[in-house]
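Asker: how would this look folded up:
(one chain, ligands or ions: 1)
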Amino acid sequence: KGLRVSDKGFLNTAVLRSEITFIDGDAGVLRYRGYPIEQLAVQSSHLETAYLLIYGSLPSKAQFQVFHDEVMHHSVIHSDAEQFFRSFRYDAHPMAMMTTALAYLGSYYSEANPSLQGQNLFTRGDAASLAIMDKQIYRLIGKATTLAAMAYRVRQGREFVTPPTGLSYTGSFLYQMDHLGQENYAPNPVLEKALDVLFLLHADHELNASATTVLQTGSSLVDPFSAVAAGCASLYGPLHGGANEAVIRMLISIGKPENVPAFIEAVKKREKVLSGFGHRVYKTSDPRSFIVRKTADEVFKITGRDDLLDTAMALHDAAMKDEYFIKRKLAPNVDFWSGLIYRAMGFPNDYFPVLFAVPRVVGWLAHWRQMMLQSGGVKIWRPRQIYVGPGKRDYVPVDERI
Ligand code: CMC
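Answerer: Residues are numbered from 1 along each chain as shown. Presented below is the predicted three-dimensional model:
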């Protein structure tokens, strides 16, 4: 009674007030806690930006050192996880492994489970509660790279690598992925930096589908591992974090640049979707896409030019001057170019969404923490519906049904 279904897909519904990320979709502006993404991408690092997103201000040297050391310290995973990963099929999708593994992590930490420790475990906001919360944050950010590396290596039948000491967050990740037992192995610094910039760009994007899922799930006061796993599941889809994988599949299917016009026509007839284009919020340009495009050139200097780059550029240029896309305000989003970088760096196509999920753990946790500590406590997210099914009817035994 009195309810209206007015906003399918939440096009125009604000469900909360947030201090984390600001987007002006018409002007193509993205800021984390007030800092323009362009400044952070050049001057900050993924881990420093993680601190900023979660705690609200840039850390002092000492604060960053503690945060960095805690995250890296917690990147190690219980050796039982090896058995867990070995139980997946040899061709399991890495995002399926990642989603399951994040939930699995929760089985280790009963001290972080409000069902066992009291439902106000994370909402109290006292020093003890904040310390428990911080620890789960370190664990999730630290272990995300380790789980991701395990998901990569298990499919290749390779041994897992214990997280090294003395490397950066992305350096440690690349080390765990690629380390083949060489003496003095070190990740390429240009690729390490490029991945760090990509991680930073993917760290948060306000109330996208996966962050909303984390909040929806977290609003029942479930443990943070379960909430983050739910976010990861939401990210998996091709309209969200799966888009970078979809872009490469699309480019492979198009093949040569001369096939671009036919593909564009198919999109206009709605037979195909131009993956990596369009955004719910950005209606001019996605500021992240320019930084990713620049990063791509730096990576290609090391890895060599990706053979799909010409097709991607032809597709980009054709779409940008076509009336169909102009009228609908469709421009490249962060995923259009990122897949080409990951491909050039040697990651398999279906691994790309994992490279989105690992840094997005930061944003999910920032939103989760903000919700847990909001004044007035947490209200469970329970939307209403308007029932349009049949009225009351009586059960008919199976033999009497016509
Ligand atoms: N290719 C062709 N047509 C499109 C596309 C596209 N990529 N995106 C939107 N349109 C059309 C859509 O058909 C609609 O046309 P019409 O008004 O004639 O029916 C119009 O543009 C408006 O689009 P919409 O679907 O109402 O927009 P939305 O805000 O609901 O969806 C989106 C946003 C990102 C899901 C959509 O643009 C899309 O599917 N893009 C491709 C997938 C993709 O690249 N996703 C990554 C998003 S950025 C990273 C992230 O946050 O995950």
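Asker: Model confidence for the residue nearest to S57 when sequence neighbours are not counted, exactly?
Answerer: Distances taken as C-beta to C-beta, 6 or more residues apart in numbering place R33 nearest to S57, at 7.1 Å, with adjacent residues excluded. Every C-beta, even on glycine, is put in place using the N, C-alpha and C of the backbone. Listed pLDDT for R33 reads 98.
Asker: One more: the one 3 residues further on?
Answerer: If you check P36, the pLDDT there is 98.
Asker: With I248 instead?
Answerer: At I248, pLDDT is 93.
Asker: same thing with the one 4 residues further on?
Answerer: As summarised for this prediction, I252 has a pLDDT of 95.
Asker: Equivalent analysis for K1, please.
Answerer: 68.
Asker: How about the stretch 251-400 of the chain: which residue is closest to the ligand?
Answerer: G278 (2.3 Å; C-beta to the nearest ligand atom).
Asker: Once you drop chain neighbours, what's closest to that residue?
Answerer: L330 (4.5 Å).
Asker: Ok, G25 next?
Answerer: V281 is the one closest to G25 (C-beta to C-beta, 6+ apart), at 3.9 Å.
Asker: Then R4?
Answerer: According to C-beta to C-beta, 6+ apart, the nearest residue to R4 is I386 (7.9 Å).
Asker: for T284, phi and psi?
Answerer: Phi and psi for T284, reported as degrees, to the nearest 10, are phi -120, psi -70.
Asker: so R328 makes contact with G278?
Answerer: Yes: counting by C-beta atoms under 8 Å, G278 is a contact partner of R328 at 7.5 Å.
Asker: any idea which helix or strand carries whichever residue of the stretch 51-200 of the chain sits closest to the ligand?
Answerer: Residue nearest to the ligand within the stretch 51-200 of the chain: L198 (12.5 Å; C-beta to the nearest ligand atom). Applying DSSP states H and E as the criterion places L198 in helix 189-201.
Asker: Tell me which residues of that helix come out buried.
Answerer: Across helix 189-201, burial judged by 16 or more other C-beta atoms under 10 Å covers L191, E192, K193, A194, L195, D196, V197, L198, F199, L200, L201.
Asker: do the same with stretch 228-241
Answerer: V228, A229, A230, G231, C232, A233, S234, L235, Y236, P238, H240, G241.
Asker: Redo the residues you listed as a markdown table? Include pLDDT and distance to the ligand.
Answerer: Formatted as a markdown table, these follow (pLDDT from 0 to 100; distance: C-beta to the nearest ligand atom, whole Å):
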| residue | pLDDT | distance to the ligand |
| --- | --- | --- |
| V228 | 98 | 16 |
| A229 | 98 | 18 |
| A230 | 98 | 16 |
| G231 | 98 | 12 |
| C232 | 98 | 13 |
| A233 | 97 | 14 |
| S234 | 97 | 10 |
| L235 | 96 | 7 |
| Y236 | 93 | 11 |
| P238 | 86 | 7 |
| H240 | 87 | 4 |
| G241 | 88 | 5 |
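Asker: Of these, which pair is most distant in space?
Answerer: Greatest spacing in the buried residues of stretch 228-241, by C-beta to C-beta: V228 and P238 (20.7 Å).
Asker: Tell me the helix or strand right after the helix or strand hosting G339.
Answerer: Secondary structure from DSSP H and E places G339 in helix 334-344. Following helix 334-344 in sequence order, the next helix or strand is helix 352-372 (DSSP H and E).
Asker: just how off-centre is the longest helix along the chain within its chain?
Answerer: Scanning the chain for the helix with the most residues, using DSSP state H, yields helix 127-154. For helix 127-154, the distance from its own C-alpha centre to the chain's C-alpha centre is 15 Å (C-alpha atoms, centre = their mean, to the nearest Å).
Asker: Show me what counts as buried in that helix.
Answerer: Neighbour-count burial for helix 127-154, counted by 16+ other C-beta under 10 Å, picks out 129, 132-134, 136-154.
Asker: Report pLDDT for the residue nearest to G278.
Answerer: 93.
Asker: before we move on, back to that, check which helices and strands the helix holding L198 sits against.
Answerer: helix 37-43, helix 46-55, helix 169-178, helix 287-303, helix 334-344, helix 352-372 (3 or more C-beta pairs under 8 Å, 6 or more residues apart in numbering; DSSP states H and E).
Asker: Output those in JSON lines, with distance to Y104 and mean neighbour count appended to each entry.
Answerer: As requested, the helices and strands packed on helix 189-201 are exported to JSON lines (distance: least, C-beta to C-beta, whole Å; neighbours: other C-beta atoms under 10 Å):
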{"stretch": "helix 37-43", "distance to Y104": "32", "mean neighbour count": "17"}
{"stretch": "helix 46-55", "distance to Y104": "22", "mean neighbour count": "23"}
{"stretch": "helix 169-178", "distance to Y104": "18", "mean neighbour count": "22"}
{"stretch": "helix 287-303", "distance to Y104": "31", "mean neighbour count": "19"}
{"stretch": "helix 334-344", "distance to Y104": "25", "mean neighbour count": "26"}
{"stretch": "helix 352-372", "distance to Y104": "15", "mean neighbour count": "26"}
